[in-house]
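*Asks:* Following is a predicted model, sequence given first.
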Amino acid sequence: MSYFPQEMPRPEPDRDDREFWASCAQQQLRFQACAACGTARHPPRPICHQCHSTAVKWVEPGSRATVYTYCVVHHPNHPALAASVPYIVGVVEFPALPAVRLVTNITDSAPAQVRIGMPVSLWWDDIGDGQYVPRFRPDSP
Ligand code: ZN
């Protein structure tokens, strides 16, 4: 059972993020990086903002992250989420890959308990049809 209702809109991969979502379907979190200078970036883009190379490689940030910032959503921005509020939208950053931040959900935590800098760990949300979405929960104390 997925974290949000099945009516929640699914990812719609395009030419730039198709590889990202394909990795997620394999429960592998990988971010795009420049194969020329190594600069990691997310969301995926066709050109490196540092050196303008179009050469691409994929790097793994690991499953540990920290909360960079977050907000508590009280007003659902889609009708399918009406019963899911309040939920937490967070931006997480990775000690192993400091250049990248990921917009995600912080789950398994009451909104009042989430803190900036809080350590969180990746879990894979099965949204059906072979697709998984990366979400994060607080590390066990
Ligand atoms: Zn580059």
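*Replies:* Perfect, thanks for sending it. Residues are numbered from 1 along each chain as shown.
*Asks:* beta partners for the closest residue to residue 109 other than its chain neighbours?
*Replies:* Once flanking residues are discounted, residue 109 sits nearest to residue 138: 5.1 Å by C-beta to C-beta, 6 or more residues apart in numbering. Every residue, glycine included, has its C-beta placed from N, CA and C. Following DSSP bridges, residue 138 is listed with bridge partners residue 120.
*Asks:* Quick one: residues contacting residue 138.
*Replies:* If a contact means C-beta atoms under 8 Å, 6 or more residues apart in numbering, then residue 138 has 106, 108-109, 113-114, 118-121 as its contacts.
*Asks:* Farthest-apart pair in the residues you listed, please.
*Replies:* Across the contacts of residue 138, the longest distance by C-beta to C-beta is 15.3 Å; it joins 113 and 121.
*Asks:* Buried ones in the one helix or strand residue 125 maps to, by neighbour count?
*Replies:* Assessed by DSSP states H and E, residue 125 sits inside strand 119-128. Neighbour counts over strand 119-128 (16 or more other C-beta atoms under 10 Å) mark 120, 122-125, 127 as buried.
*Asks:* Report all helices and strands that that strand contacts.
*Replies:* Applying 3 or more C-beta pairs under 8 Å, 6 or more residues apart in numbering; DSSP states H and E, one finds that strand 119-128 makes contact with strand 64-73, strand 131-138.
*Asks:* Much appreciated, bye for now.
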